[in-house]
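Enquirer: Next input, structure requested:
(one chain, ligands or ions: 1)
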Amino acid sequence: MAEILKPDICVIGGGSSGLSVAAAAAAFGVPAVLIERHKMGGDCLNAGCVPSKALLAAGRRAALMRSAEAFGVTASSIDIDFGKVHGHVQRVIAAIAPTDSAERFAGLGVRVIKGHAKFKDRRTVIVGGDYEIRARRFVIATGSVPALPPIPGIDEGPYLTNETVFDLTERPDRLIVIGAGPIGLEMAQALRRLGSDVTVLEAATPLANDDPECAAIVLDQLEREGVIIRSGVKVLRVKHASSSVAVTFEAASGEETVEGRYLLVATGRKPTTGGLDLDAAGVKYDGSGILVNKRLKTANRRVYAIGDAAAGQLQFTHAANYHAGLVIRNALFRLPVKVNNDVIPRVTYTEPELAQTGLTEAQARARKFTPRILRWPYHDNDRAQAERETHGHIKVITTAKGRILGASIVGVQAGELIAIWTLAIAQELNIRTLTGIVLPYPTLAEIGKRAAIEYFTPRLTGPWVRRIIAWLRIFG
Ligand SMILES: Cc1cc2nc3c(=O)[nH]c(=O)nc-3n(C[C@H](O)[C@H](O)[C@H](O)COP(=O)(O)OP(=O)(O)OC[C@H]3O[C@@H](n4cnc5c(N)ncnc54)[C@H](O)[C@@H]3O)c2cc1C
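Expert: Numbers count the residues shown, from 1 in each chain. As a prediction, the model looks like this:
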């Protein structure tokens, strides 16, 4: 007979979003049940953010060694042992895993159940025949899986996705990547730096959601490192052989075929909606995920959907954490909340990194702003010169009156530098605030301040104003 549980909150999925809800509920002393069918930590820990950043870090070490000569440091040879790279990636996962573990959550007071959850009716979730959970609120946090494009032949042989690429103990020589979004390009650069020959095929524009000027700098760097990027090509078919794979695509010049040893599919993510019996719960969904309103509530008012599983939301770990915070405020404290995707930054962790917060220039124009564009290049920054990391720039978007709408940064540490701009946008700060801030010298953060000072440049009308600008530029 099934054990009947009656918690305040029942969370389905122990990934970034589900764990955040469960941890917050526990912190407030609210009885919570968390159901996970596979690995605690979900995609981010086991097959996403963590292993991808660890692999990129290994590639970066190799790249630093290759470029050390400019600093007067010579590495006599670089030997890459891919088995040890795999070991490094797995050790990083293992180091973080205890934070997401069932034991830790049980210690926090969460009832953790291992198994597959599905709805029995609008108010009940079941896990096999073992548990029946009648909670006051349910949170669907089932994440997403790699989307496989409908390319003839693709599934007639082996192919890699983020779920398998980090298990490789041998270097994937002659790698073909389908998809030039953040995941495809991060993997392409990491593996190229670790010695693979990499060709990336993209049907549309690489990094299409980002500022094109910034994206171009990333693509240029990848190509200089030897990654072959073919964009605007339509993949027609895939042919697997015993130890090779051939991908035929249509380019502007006609049909071409590229041959490789491994194929990595990185063509987006599909929300996990299957197997939950959502119809029994009266929860509506379609191919884009579980349909939610601005409060992340589904068609069943007792049920929320968050993270990658929720339709129309950004698929990032920090977005998942943000959703969890909104659900907790709404479900436990009955506060009116509204999801706002404009305050969620994003970073592509290639080198150079590409970070975006708020609106891009194109988005600002589409929303009928007449934006002011402020820029500052890395090569005019003393720290960037010292580090020989002068490739990149910041681009800040403001209104005519100086309200900060967005910032795009491409360059080393862009993911760290974007934080202050995210705060500025969330707090609706004026660009003037950023000109008055005292920053340590020499730091890359000064790039942002110099861009802010540029806001005053076109107003160089009188001698006093010119003096103030000059003063800001020298002492600012
Ligand atoms: C290669 C890669 C790199 C990435 N890098 C970054 C990055 O650098 N930064 C960033 O912010 N984001 C990154 N992401 C995205 C990030 O991993 C996801 O946005 C995040 O994991 C979403 O969290 P989630 O909780 O919604 O889903 P998941 O983490 O996918 O968790 C969902 C969990 O639900 C479980 N589940 C599903 N159905 C059921 C069921 N019926 N019963 C019980 N359990 C169930 C699954 O087993 C899974 O553990 C990356 C993703 C990939 C693939």
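Enquirer: For the ligand, give me its nearest residue in the stretch 351-476 of the chain.
Expert: residue 415 (8.8 Å; CB to the nearest ligand atom). (C-beta placed from N, C-alpha, C; glycine too.)
Enquirer: mind checking the SS state of that residue?
Expert: Going by DSSP: H, G, I helix; E, B strand; the rest coil, the secondary structure assigned to residue 415 is helix.
Enquirer: Tell me if I'm right that it and residue 347 touch.
Expert: Yes - taking CB atoms under 8 Å as the definition, residue 415 is a contact partner of residue 347 at 3.9 Å.
Enquirer: joint contacts of the two?
Expert: 353, 355 (CB atoms under 8 Å, 6 or more residues apart in numbering).
Enquirer: before we move on, the earlier item: for the residue of the stretch 351-476 of the chain closest to the ligand, give me its contacts.
Expert: With CB under 8 Å, 6+ apart, residue 415 has these contacts: 347, 349, 353, 355.
Enquirer: Outside of the helix or strand where the first one lies itself, list whatever touches it.
Expert: It refers to residue 347. Using DSSP states H and E, residue 347 falls within strand 346-348. For strand 346-348, contacts defined as CB under 8 Å, 6+ apart pick out 182, 185-186, 207, 210, 218, 314, 316, 353-357, 414-415, 418.
Enquirer: how far out from the middle of the chain is that strand?
Expert: Put simply, strand 346-348 sits 6 Å off its chain's centre (CA atoms, centre = their mean, to the nearest Å).
Enquirer: need the next SSE after it, C-terminal direction.
Expert: Assigned by DSSP H and E, the successor of strand 346-348 is strand 353-358.
Enquirer: Can you tell me what sits against that following strand?
Expert: By CB under 8 Å, 6+ apart, strand 353-358 touches 207, 210-211, 214-215, 217-218, 342-343, 345-348, 397, 404-415, 417-418, 421-422, 425.
Enquirer: before we move on, what about stretch 125-135?
Expert: Under CB under 8 Å, 6+ apart, the answer for stretch 125-135 is 2-10, 12, 33, 35, 113, 115-120, 123-124, 138, 302.
Enquirer: Now restrict the residues you listed to buried residues only.
Expert: 5, 7-10, 12, 33, 35, 113, 117-119, 124, 138, 302 (16 or more other CB atoms under 10 Å).
Enquirer: So which of those sit within strands?
Expert: 5, 9-10, 12, 33, 35, 113, 117-119, 124, 138 (DSSP state E).
Enquirer: So what's the gap between the helix or strand containing residue 325 and the chain middle?
Expert: Secondary structure assignment for residue 325, by DSSP H and E: helix 317-333. Counting by CA atoms, centre = their mean, helix 317-333 is centred 18 Å from the centre of its parent chain.
Enquirer: Please renumber the chain so that the first residue is 30 from this point on.
Expert: Got it, first residue is 30 now, which makes that one helix 346-362.
Enquirer: helices and strands around that helix, which ones?
Expert: In terms of contacts (3 or more CB pairs under 8 Å, 6 or more residues apart in numbering; DSSP states H and E), helix 346-362 is packed against helix 45-56, strand 166-169, strand 332-334.
Enquirer: Could I get the buried residue list for the last one?
Expert: Right, the one you point to is strand 332-334. Buried residues in strand 332-334 (16+ other CB under 10 Å): 332-334.
Enquirer: Just the closest of these to residue 253, please.
Expert: residue 334 (42.3 Å; CB to CB).
Enquirer: Who are the contact partners of the closest one?
Expert: Contacts of residue 334 by CB under 8 Å, 6+ apart are 168-170, 312, 318-321, 325, 327, 340.
Enquirer: from the residues you listed, which are also near the ligand?
Expert: Filtering those for proximity to the ligand (criterion: CB under 6 Å from any ligand atom) leaves residue 170.
Enquirer: tell me which of the contacts of residue 334 is nearest to the ligand?
Expert: Among these, and counting by CB to the nearest ligand atom, the member closest to the ligand is residue 170, at 4.8 Å.
Enquirer: Who are the contact partners of that closest one?
Expert: 40-44, 46-47, 50, 334-336, 338, 349, 353 are the contacts of residue 170 under CB under 8 Å, 6+ apart.
Enquirer: The same query, at a cut-off of 7 Å, please.
Expert: Contacts were defined as CB atoms under 7 Å, 6 or more residues apart in numbering; by that measure residue 170 touches 40-42, 44, 46-47, 50, 335-336, 338.
Enquirer: residues from the protein in reach of the ligand?
Expert: 41-47, 64-67, 71-73, 77-78, 81, 145-146, 170-173, 191, 212, 301, 304-305, 336-338, 344-347, 349, 378.
Enquirer: Just the buried residues of those residues.
Expert: Judged by 16+ other CB under 10 Å, buried ones among those: 41-47, 64-65, 71-73, 77-78, 81, 146, 170-173, 191, 212, 301, 305, 336-338, 344-347, 349, 378.
Enquirer: Could you report the pLDDT at the most centrally placed residue in the chain?
Expert: In the chain, the residue lying closest to the centroid (CA atoms, centre = their mean) is residue 345, at 4.7 Å. Residue 345 is assigned 98 on the pLDDT scale.
Enquirer: The ones in strands among the buried ones among the contacts of stretch 154-164: which two are farthest apart?
Expert: Taking CB to CB, no two of these sit farther apart than 38 and 147, at 17.5 Å.
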